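Undergrad: Please work out how this folds:
(chains A, B and C)
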Amino acid sequence: MMRQATTILDFPTNGRGFAEITRAVAQWIAKTGIEEGLVTLLCRHTSASLLIQENAAREVRADLLAWFDRLAPENAGYSHDDEGPDDMPAHLKAALTGVNLSIPVQRGRMLLGTWQGIWLAEHRRAPQRREVAVHLIGQ
Amino acid sequence: MMRQATTILDFPTNGRGFAEITRAVAQWIAKTGIEEGLVTLLCRHTSASLLIQENAAREVRADLLAWFDRLAPENAGYSHDDEGPDDMPAHLKAALTGVNLSIPVQRGRMLLGTWQGIWLAEHRRAPQRREVAVHLIGQ
Amino acid sequence: MMRQATTILDFPTNGRGFAEITRAVAQWIAKTGIEEGLVTLLCRHTSASLLIQENAAREVRADLLAWFDRLAPENAGYSHDDEGPDDMPAHLKAALTGVNLSIPVQRGRMLLGTWQGIWLAEHRRAPQRREVAVHLIGQ
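TA: The predicted structure is shown next:
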């Protein structure tokens, strides 16, 4: 019978950079006992985001960070700057990659490719506590 | 028992800029009576898009618009220019932010963060009528 | 009664460029017999991606490709370059457009707009075989 589960997972971040959350999501899915379905993640913030990217080469993440900075540099004459020079670029980077992901689940596992991991991207300089809402529907 | 509802919501836009649609979506969810589930939005156009961003500071939206223009400027030598100089940049901006969103729902409310709103981004200069398909599954 | 179906569709690509997959997805949906629901696609790779864009004017796709190259050029001093000069730009382009899409389905058809098609974007130079996981839930 079709059923669903919802939770909010908490992740500390170390400031600007990526935190892999694939395992935390996989473990929560396993606990629900749902074997086939759809899992959806929503990062509940406007200066952090979610993306699926390379889980092996560390250099890919370094290049991604540098690229985010090139597309959304600090001190580019933003009108919204009262929360610090890293704040508006953080909003832009969150808009660039988006805050939600949906992933099919089969045999209790997300159908990610071999080289795909789920990453929480922190765009503020300072460490934060970030919430990701997670919903799973299936059976 | 699990059930679903589907609709198409209509939004007029004032030309280039953002229209917040959070309340319209929330009201439609409330009418379905579904308490826990997943809502999915699809903007049915290729020169308008959807994003989740800051719902408070108006300057954030102004900075987002300026940033869109910087990444996808008009008159950048596009081959597709028969619908006006704002048309191809509008397609690029729609590709940048994407046209679909999925958001978990709990206790009849979307699990958006405190500062998150759902925005329909109009990328054409002239006012338009935009359709957003909305699907909700849950119970 | 609510039910679901999951598959993995295979698409050959001709190297850098777009392959339209709308019809293949529509045909699979028709075979499931599900009339109303939600279809979710996940591209299982980190150097190819999915987007919904203009299905008519060929020039739009040419302009999109040129724009991807402008935002994520080759030889921009990446630290990850052991898989060729097109590899890191491919990761960046995949991060830009994203690898997953969710689309409401009604009367057995995706609620795409008239001008919207689903495109698999290949960001590597060489032809590849790409897998897209597809999940449909509904009734």
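Undergrad: Just the element for the residue nearest the centre of chain A, please.
TA: Most central in chain A under C-alpha atoms, centre = their mean is residue A:50, positioned 2.3 Å from the mean C-alpha point. Element membership for residue A:50, per DSSP states H and E: strand A:48-54.
Undergrad: What strands line up against that strand, and which way round?
TA: strand A:116-122 (antiparallel) (DSSP bridges).
Undergrad: Flag every residue of chain A that's near chain B.
TA: With C-beta under 8 Å from any C-beta of the partner chain as the criterion, chain A meets chain B at residues A:2-4, A:6, A:8, A:38, A:40, A:42-46, A:71-72, A:78-80, A:88, A:91-92, A:94-96, A:98-100, A:102, A:131, A:133-135, A:137. C-beta coordinates here come from the backbone N, C-alpha and C atoms, glycine included.
Undergrad: try 6 Å
TA: By the rule C-beta under 6 Å from any C-beta of the partner chain, the part of chain A lying against chain B is A:2, A:6, A:40, A:42, A:44-46, A:78-80, A:88, A:91-92, A:95, A:99-100, A:102, A:133, A:135.
Undergrad: Narrow those to those in strands?
TA: A:6, A:40, A:42, A:100, A:102, A:133, A:135 (DSSP state E).
Undergrad: contacting residues around the third one?
TA: Spelled out, that is residue A:42. For residue A:42, the contact set (C-beta atoms under 6 Å, 6 or more residues apart in numbering or on different chains) comprises A:100, A:133, B:103-104.
Undergrad: ok, now with 10 Å
TA: With contacts defined as C-beta atoms under 10 Å, 6 or more residues apart in numbering or on different chains, the neighbours of residue A:42 are A:8, A:50, A:99-102, A:131-135, B:38, B:52, B:101-104, B:110-113, B:116.
Undergrad: And for the last one?
TA: When contacts are counted by C-beta under 10 Å, 6+ apart, residue A:135 touches A:4-7, A:37-42, A:102, B:36-39, B:102-106, B:111, B:138.
Undergrad: Go ahead and report the secondary structure state at the closest residue to it other than its chain neighbours.
TA: Take residue A:135 and drop its neighbours on the chain: the residue closest to it by C-beta to C-beta, 6 or more residues apart in numbering or on different chains is residue B:104, 3.6 Å away. Here residue B:104 is recorded as strand under DSSP: H, G, I helix; E, B strand; the rest coil.
Undergrad: what's near enough to touch residue A:20?
TA: Going by C-beta under 10 Å, 6+ apart, residue A:20 touches A:11, A:53, A:55, A:61, A:117-120.
Undergrad: and if you look at residue A:4?
TA: By C-beta under 10 Å, 6+ apart, residue A:4 lies in contact with A:32, A:34, A:37-38, A:135-139, B:2, B:36-38, B:104, B:137-139.
Undergrad: Kindly report the same for residue A:61.
TA: Taking C-beta under 10 Å, 6+ apart as the definition, contacts of residue A:61 comprise A:17-18, A:20, A:53-55, A:117, A:119, A:121, C:79-80, C:91.
Undergrad: CA atoms of the lengthiest helix in chain A as CSV?
TA: Identified as the longest helix of chain A according to DSSP state H is helix A:58-71. The C-alpha coordinates for helix A:58-71 follow below in CSV (Å, rounded to 0.1, in the frame of the first residue of the first chain):
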residue,chain,number,x,y,z
ARG,A,58,37.8,16.7,-4.7
GLU,A,59,39.1,19.2,-7.3
VAL,A,60,35.6,19.3,-8.9
ARG,A,61,34.2,20.9,-5.8
ALA,A,62,37.1,23.4,-5.6
ASP,A,63,36.5,24.3,-9.2
LEU,A,64,32.7,24.6,-8.6
LEU,A,65,33.4,27.0,-5.7
ALA,A,66,35.7,29.2,-7.8
TRP,A,67,33.1,29.2,-10.6
PHE,A,68,30.3,30.3,-8.2
ASP,A,69,32.6,33.2,-7.2
ARG,A,70,33.2,34.1,-10.8
LEU,A,71,29.5,34.2,-11.7
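Undergrad: Now find how far off-centre that helix is within its chain.
TA: 15 Å (C-alpha atoms, centre = their mean, to the nearest Å).
Undergrad: Likewise for stretch A:5-14?
TA: 10 Å.
Undergrad: again, but for stretch A:61-78
TA: Taking C-alpha atoms, centre = their mean, the mean C-alpha location of stretch A:61-78 is offset from the chain mean by 18 Å.
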